[in-house]
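Participant: Structure for the following, please:
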Amino acid sequence: MKYTPPSRDAVDPRVFDRLPLAAWREHAGFLEARDWPSVDALNACRPAGMRERFAAQTRELLADGLHYEQRIADRGVIATRACNWHDLFNALVWLCHPALKRALNARQVAEIARMGTKQRSRAQCALTHFDEAGAVVVLRDPSLLALWDAHDWHGLFWRERAAWLDGRIGVELFGHALLEHALTPEKLLVGKALVVAGPQVLPAEAFQACAQAIADGRVLCDPLELRPLPLAGVPGWHAGNERETFCREAACFRPLRPGRNYPAAMTIGQGASVATDNPVPTL
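Facilitator: So this is what the prediction gives:
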């Protein structure tokens, strides 16, 4: 079912004080002000070195006949609809993580050149899933991965609840559709995750590792590489997870399908080198 976000004046302002949207307080003015930000205001916040710019999506802009992704690659223009939550969150992700967005765009354009605009490859589906619903998980305690592999949600989110609070595991949202859905606090959010493991890995390093792996074509070659992560189980992300039974009852906590396997996490060691073991996923 297609998600219809609340109008700007109907959003409960309290959603911006709780995760995941609380992590985006740097751009509170764009999110919480009464009026929608202009593309000029968004462009004024671009980080140094970001060549891409936002442009109002108008009939004149679309008259160039370019695919959305090709327009970004060829002209550095990100078509942005006015008064639109989805495109606003997309813009904020560009402002915060331009290298990762650029890596996704380059891979999409390469796939379009190979497949044409009428068909989509498995890689394109994986890239889109991550772009829309992606999450980057920082894993400092590798023992937690076995619980995730088994879809032992009670173990991952309740028995190991402290791990989410003491830094042994953490999650940063990347997908702009997920951020849009978070405007409705009762939504049971599920992310499509890439995992970066290391004893002292920082979120910035994890995002850099993901961007490099995507650019190199080592990840996101198939949607089945992405690990589903029911974000509603993360402490502080949904009021229901304060009850032990939540991870057994809520619809987002699905059992592991027979034969479903996940690739190993990317790892960052002492020298910040990145490795990944990415076998072909199975259903």
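
Participant: C-alpha only now, for contacts and for neighbours.
Facilitator: Fine.

Participant: Strands of this protein, start to end?
Facilitator: 53-56, 77-80, 134-139, 169-173, 190-197, 227-230, 266-268, 274-275 (DSSP state E).

Participant: what's the most buried one of those?
Facilitator: Among those, strand 134-139 has the highest mean neighbour count (mean count of other C-alpha atoms under 10 Å), at a mean of 26.

Participant: now that one and strand 169-173, what's the angle there?
Facilitator: Angle, strand 134-139 to strand 169-173, by axes from the mean of the first three to the mean of the last three C-alpha atoms, to 10 degrees: 160 degrees.

Participant: how far does strand 134-139 sit from the chain's center?
Facilitator: Taking the mean of its C-alpha atoms, strand 134-139 sits 8 Å from the chain's own mean (C-alpha atoms, centre = their mean, to the nearest Å).

Participant: So which elements touch it?
Facilitator: strand 169-173, strand 190-197, helix 203-215 (3 or more C-alpha pairs under 8 Å, 6 or more residues apart in numbering; DSSP states H and E).

Participant: As TSV, the ones you listed with mean pLDDT and distance to D141 would be great.
Facilitator: As requested, the helices and strands packed on strand 134-139 are arranged in TSV below (pLDDT from 0 to 100; distance: least, C-alpha to C-alpha, whole Å):
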stretch	mean pLDDT	distance to D141
strand 169-173	97	7
strand 190-197	98	8
helix 203-215	97	15
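
Participant: Next, format the strands of the chain as TSV and append distance to H97.
Facilitator: TSV is the format used below for the strands of the chain (distance: least, C-alpha to C-alpha, whole Å):
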stretch	distance to H97
strand 53-56	14
strand 77-80	14
strand 134-139	12
strand 169-173	11
strand 190-197	15
strand 227-230	21
strand 266-268	19
strand 274-275	19
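
Participant: do you know which of those lies nearest R260?
Facilitator: Closest approach to R260 among the strands of the chain (C-alpha to C-alpha): strand 227-230, 10.5 Å.

Participant: Let's see the closest one as CSV, backbone CA atoms only.
Facilitator: What follows is strand 227-230, C-alpha atoms only, in CSV (Å, rounded to 0.1, in the frame of the first residue of the first chain):
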residue,chain,number,x,y,z
ARG,A,227,19.6,-7.7,5.8
PRO,A,228,16.1,-6.7,7.0
LEU,A,229,16.3,-4.9,10.3
PRO,A,230,13.0,-4.2,12.1
